[in-house]
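**Student:** predicted model and sequence below, questions to follow.
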Amino acid sequence: MKLKVGIVGVGNIGSIHASVYKENPNTEIIAVCDIVKAKADQAAEKFGGQAFYSVNEMLESGIQLDLVSVCTKGEENGGEHFTPTIQLLEAGIPVLGEKPISNDIKEGIQMVELAKRNRIPYAINLNHRFTPAAERAKEWIENDRLGKVHMINMRMWINNPVESSPWFHLRALHPHSFDVIRYFCGDVKRVAAFMMKGEGRSIWSNTQILLEFENGAIGNLVGSYDAGASYGLELCEVVGSRGRFVLEDACEQLSFYPRHSIETENYSYLGGMRNFNETFKSRINSFVDQLLSGVTYDQVNGSGEDALKAQLIIEAAIESWNTGTIVEVKNLEPITGGLK
């Protein structure tokens with residue numbers, strides 16, 4: 001059985017989604033949708049499927065949709081996710097959204113709660129966790145190879161000269177960082193954030209964020225939009241009572257260092273994954289496989305709720321910097337309307 005797929009928003013990222021679906025033998029693109037008519041028409045010609053110019057038009061056409069990628073953009077790369085996602089979830093259609101889930105936490109909560117209420121699988125493209133190297137590292141934690149997790153050091157940075165809102169760097173880039181952090185270490189309890197503006201910049205383009213986890217572990221994130229290509233994309237180090245691992249650039253290098261031995265274990269390009277761009281394919285295909293296996297709404301890997309929890313950490317960091325205080329993540333829930 002092939003899943004009948006639609007893509008809403010067929011710019012650069014939407015086209016990447018469409019390319020993956022086109023190559024997957026278990027999916028068939030039957031709809032492409034964009035408010036810019038030329039984009040929708042060009043995507044239909046390139047990837048197949050019928051062109052639509054609004055989600056309402058697509059839904060009212062009566063075509064069967066088993067999965068829709070929402071790849072719209074908007075302010076802080078998340079300002080236009082809410083309306084199409086709500087329309088699709090209300091229609092009972094599983095959604096794979098782009099990150100951030102939304103740049104507005106209240107909207108993120110509404111999307112997650114609607115998916116739960118309607119029992120619809122809802123996923124976000126948190127693709128940094130969908131690599132063979134990250135999955136191997138996760139197995140080490142689950143199999144107690146690291147022992148009790150003590151701390152995590154995370155670094156993610158790119159060169160992005162765009163000047164948008166003051167929080168563009170935080171809200172657009174670090175959903176990935178905090179998802180990886182949560183993937184390995186669990187929920188964050190408290191946050192203390194420091195920020196600075198790079199030369200000539202109007203946004204907070206650099207940050208250091210200190211973290212305390214619900215399980216007692218500690219950690220930090222270093223993030224920047226002022227980094228050079230030679231710096232690499234990211235580095236994640238998790239330290240436990242028995243050993244530590246270092247994961248470089250999402251998928252390229254993974255090393256394990258035992259605490260009581262000098263013998264190390266090193267892997268390059270696990271599973272044949274060579275660079276970050278390949279993570280889109282592994283993430284999208286993972287959700288396709290989950291849907292084909294009949295995944296329930298509450299068992300989605302890289303779910304809307306995972307993305308929302310990452311976004312709550314970001315909002316706690318913003319609140320910490322604005323107030324000069326240590327902020328408890330759960331204390332944001334009454335402000336945002338609560339996460340039920």
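**Tutor:** Perfect, I can see it now.
**Student:** biggest helix in the protein by residues?
**Tutor:** Counting residues, the longest helix in the chain under DSSP state H turns out to be helix 304-323.
**Student:** so which residue is smack in the middle of the chain?
**Tutor:** Leu126 (2.5 Å; CA atoms, centre = their mean).
**Student:** who touches it in this structure?
**Tutor:** 99, 175-176, 179, 283, 302, 306-307, 310 (CB atoms under 8 Å, 6 or more residues apart in numbering). The C-beta positions use only the backbone N, C-alpha and C, and glycine is treated the same way.
**Student:** please redo it, this time with the cut-off set to 10 Å
**Tutor:** Neighbouring residues of Leu126 by CB atoms under 10 Å, 6 or more residues apart in numbering: 97-99, 101, 175-176, 178-180, 182-183, 279, 283, 301-304, 306-307, 310.
**Student:** so which of these sit within helices?
**Tutor:** Checking the contacts of Leu126 against DSSP H, those in helices are 175-176, 178-180, 182-183, 279, 283, 304, 306-307, 310.
**Student:** can you give me the helices for the stretch 1-150 of the chain?
**Tutor:** Assigned by DSSP state H, counting those that start in this stretch, the stretch 1-150 of the chain shows helices spanning 12-23, 37-47, 55-60, 82-90, 105-118, 132-142.
**Student:** compare these and give me the one nearest Lys4.
**Tutor:** Nearest to Lys4, of all the helices of the stretch 1-150 of the chain, is helix 12-23, at 10.2 Å by CB to CB.
**Student:** flag every buried residue along the closest one.
**Tutor:** Residues of helix 12-23 classed as buried by neighbour count (16 or more other CB atoms under 10 Å): 13-21.
**Student:** elements contacting that helix?
**Tutor:** strand 3-8, strand 27-33, helix 37-47, strand 67-70, helix 279-292 (3 or more CB pairs under 10 Å, 6 or more residues apart in numbering; DSSP states H and E).
**Student:** looking at the helices of the stretch 1-150 of the chain, which is closest to Lys330?
**Tutor:** Going by CB to CB, the one of the helices of the stretch 1-150 of the chain nearest Lys330 is helix 105-118, 13.1 Å.
**Student:** so which elements touch that closest one?
**Tutor:** Under the contact definition 3+ CB pairs under 10 Å, 6+ apart, helix 105-118 sits against helix 82-90, strand 95-97, strand 122-124, helix 304-323, helix 333-336.
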